[in-house]
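Participant: how does the following fold in three dimensions:
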Amino acid sequence: MIILAHHYQADDVFRFADFSGDSLKLSQQAADQKDAEFIIFCGVYFMAEVARMLCEPTQKVILPDISAGCSLADYANYQQVSECWAVLSDKLAGKKIVPITYINSSAEIKAFCGKNDGAICTSGNADRVLRWAFETGDVVLFLPDQHLGRNSSYRMGIGLEQMLVYNPELREGGLTETIADDVKMILWNGCCDIHMQFTVDDIRRVRSEYPEAKIIVHPECKFDVVKLSDLAGSTEFIIKHIAQSRESVWAVGTERDMVSRLAKQYEGEKTIFNLSRSEPYCPMMKQSSPAKLLWVLDNIADGNVVNEVFVDEQISIDSKAALQRMLELRR
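Facilitator: Residues are numbered from 1 along each chain as shown. Predicted structure coming up:
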């Protein structure tokens with residue numbers, strides 16, 4: 001048995017982890033532990049789904065709280081994306097559309113991308129995956145986080161005027177006019193509710209109060225926030241960059257518990273604090289409490305399996321096709 005904990009877990013759960021990391025790293029670590037019968041994933045549902053798809057059929061993937069979801073993943077469901085695909089296929093007739101989904105999405109959305117010659121990306125490799133997508137097709141449909149898609153493609157030289165937002169709550173996604181020939185990105189109208197809380201005013205305040213500070217944020221933050229920051233990158237990027245950097249004062253724009261853990265780790269060596277005074281945190285991650293972790297462990301000890309995560313076989317096959325396309329880009 002192994003216990004996995006995402007960086008956004010609170011310390012009272014994080015301290016029990018055999019492995020820690022971001023969602024994909026944890027799933028890959030789980031898949032490497034082929035002798036572990038039970039994979040306890042202290043994270044949210046989409047993460048456990050990925051682990052389920054990568055692990056052996058004989059292994060059991062368990063969430064301490066089966067209802068722990070992700071507000072970002074919930075922005076896009078299969079029916080909505082299928083309707084979007086029909087709209088884009090009509091409006092972009094003659095052009096090849098490549099669907100790319102952020103790993104923070106449901107298994108069904110990953111499977112949709114797999115079936116339609118698309119791929120999965122992470123916040124750490126979105127640039128690389130998008131580069132492949134533009135080499136492969138004409139237009140990218142990016143799901144479900146518009147900000148990661150916008151920030152990543154802008155960094156690659158694609159102008160904001162070449163990006164459109166598809167809102168599933170509007171008729172034809174709000175794309176009622178003819179789509180211009182130079183449009184390269186169709187961004188899904190989704191976001192991370194936590195990273196949306198970081199603002200330009202936060203950056204201005206930190207620049208004023210701590211002129212020596214470097215500002216590093218997650219690319220799920222808004223475009224203006226990322227643009228005004230010194231650096232932007234995934235959770236793993238943030239951790240590694242701060243560790244290797246000579247700069248000693250850091251304002252970090254991501255989830256509260258990860259920033260607090262970094263501050264404790266480098267206490268006396270570096271000054272690290274949250275970019276926002278409100279210290280945004282992910283309530284879904286906190287659903288994997290010590291009490292719920294103990295509950296699933298007690299059940300295993302008693303010969304019971306609770307909160308096991310399952311993924312439909314065909315969805316798993318199609319999702320892994322999208323995941324494999326991403327992994328091949330590392331070679």
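Participant: what's the pLDDT at residue 331?
Facilitator: Residue-level confidence at residue 331 comes out at 52, pLDDT.
Participant: my bad, residue 108
Facilitator: According to the model's per-residue confidence, residue 108 sits at a pLDDT of 98.
Participant: my guess is it contacts residue 74. True?
Facilitator: No: in terms of Cβ atoms under 8 Å, residue 108 does not count as a neighbour of residue 74; the distance is 11.9 Å. For glycine as for every other residue, the C-beta is placed from the backbone atoms N, C-alpha and C.
Participant: may I see the buried residues of the longest helix along the chain?
Facilitator: Of all the segments assigned as helix in the chain under DSSP state H, the longest by residue count is helix 313-328. Of the residues in helix 313-328, those buried under the neighbour-count criterion (16 or more other Cβ atoms under 10 Å) are 315-316, 318-323, 325-326.
Participant: nearest to residue 159 among the residues you listed?
Facilitator: Of all the buried residues of helix 313-328, the one sitting nearest residue 159 is residue 326; the distance, using Cβ to Cβ, is 25.4 Å.
Participant: and the contacts of the longest helix of the chain?
Facilitator: Contacting residues not belonging to helix 313-328 are listed as 50, 52-54, 101, 107-108, 110-115, 118-122, 125, 129, 132, 311 [Cβ atoms under 8 Å, 6 or more residues apart in numbering].
Participant: contacting residues for residue 187?
Facilitator: When contacts are counted by Cβ under 8 Å, 6+ apart, residue 187 is found next to 142, 146, 149-150, 163-166.
Participant: JSON lines please, covering the buried residues of helix 313-328 and showing distance to residue 42 and pLDDT.
Facilitator: Compiled in JSON lines, these are given as follows (distance: Cβ to Cβ, whole Å; pLDDT from 0 to 100):
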{"residue": "315", "distance to residue 42": "24", "pLDDT": "98"}
{"residue": "316", "distance to residue 42": "22", "pLDDT": "97"}
{"residue": "318", "distance to residue 42": "27", "pLDDT": "98"}
{"residue": "319", "distance to residue 42": "22", "pLDDT": "97"}
{"residue": "320", "distance to residue 42": "23", "pLDDT": "96"}
{"residue": "321", "distance to residue 42": "28", "pLDDT": "97"}
{"residue": "322", "distance to residue 42": "25", "pLDDT": "97"}
{"residue": "323", "distance to residue 42": "22", "pLDDT": "94"}
{"residue": "325", "distance to residue 42": "28", "pLDDT": "95"}
{"residue": "326", "distance to residue 42": "24", "pLDDT": "93"}
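Participant: low-confidence ranges, the stretch 201-331 of the chain, go.
Facilitator: Along the stretch 201-331 of the chain, the parts satisfying pLDDT under 70 run over 330-331.
Participant: that one: helices as residue ranges?
Facilitator: 223-228, 235-244, 256-265, 290-301, 313-328 (DSSP state H, counting those that start in this stretch).
Participant: quick one: closest of the ones you listed to residue 213.
Facilitator: Proximity of these to residue 213 was assessed by Cβ to Cβ; the nearest stretch is helix 235-244, lying at 11.9 Å.
Participant: from residue 156, how far off is residue 185?
Facilitator: Counting by Cβ to Cβ, to the nearest Å, the gap from residue 185 to residue 156 is 10 Å.
Participant: which one's more surrounded, those two?
Facilitator: Comparing residue 185 with residue 156 by other Cβ atoms under 10 Å, the one with more neighbours is residue 185, at 26 against 13.
Participant: ok, now which ones touch the more buried one?
Facilitator: Taking Cβ under 8 Å, 6+ apart as the contact definition, residue 185 lies against 139-140, 142, 149-150, 153, 158, 162-164.
Participant: quick one, strands of this protein?
Facilitator: 2-6, 19-21, 38-42, 60-62, 97-102, 119-121, 139-143, 163-166, 185-188, 214-217, 231-232, 249-253, 271-274 (DSSP state E).
Participant: so which of those is the most surrounded?
Facilitator: Comparing the strands of the chain by mean neighbour count (mean count of other Cβ atoms under 10 Å), strand 119-121 ranks first with a mean of 28.
Participant: for it, what is the average pLDDT?
Facilitator: pLDDT averaged over strand 119-121 gives 97.
Participant: what's next to it, contact-wise?
Facilitator: Taking contacts as Cβ under 8 Å, 6+ apart, the residues outside strand 119-121 that touch it are 98, 100-103, 110, 113, 128-130, 132-133, 319, 322-323, 325-326, 329.
Participant: for the residue nearest to the spatial centre of the chain, which non-adjacent residue is closest in space?
Facilitator: Centrality entry for the chain: nearest residue to the mean C-alpha point is residue 104, 4.0 Å, by Cα atoms, centre = their mean. Excluding its sequence neighbours, the residue lying closest to residue 104 (Cβ to Cβ, 6 or more residues apart in numbering) is residue 72, at 4.9 Å.
Participant: what about that neighbour, how many residues nearby?
Facilitator: The tally of other residues near residue 72 (other Cβ under 10 Å) stands at 26.
Participant: contacts only, for it.
Facilitator: For residue 72, the contacting residues are 102, 104-105, 144-145, 190-193, 220, by Cβ under 8 Å, 6+ apart.
Participant: is it true that residue 269 touches residue 248?
Facilitator: Yes: the pair residue 269 and residue 248 passes the contact test of Cβ under 8 Å, sitting 7.4 Å apart.
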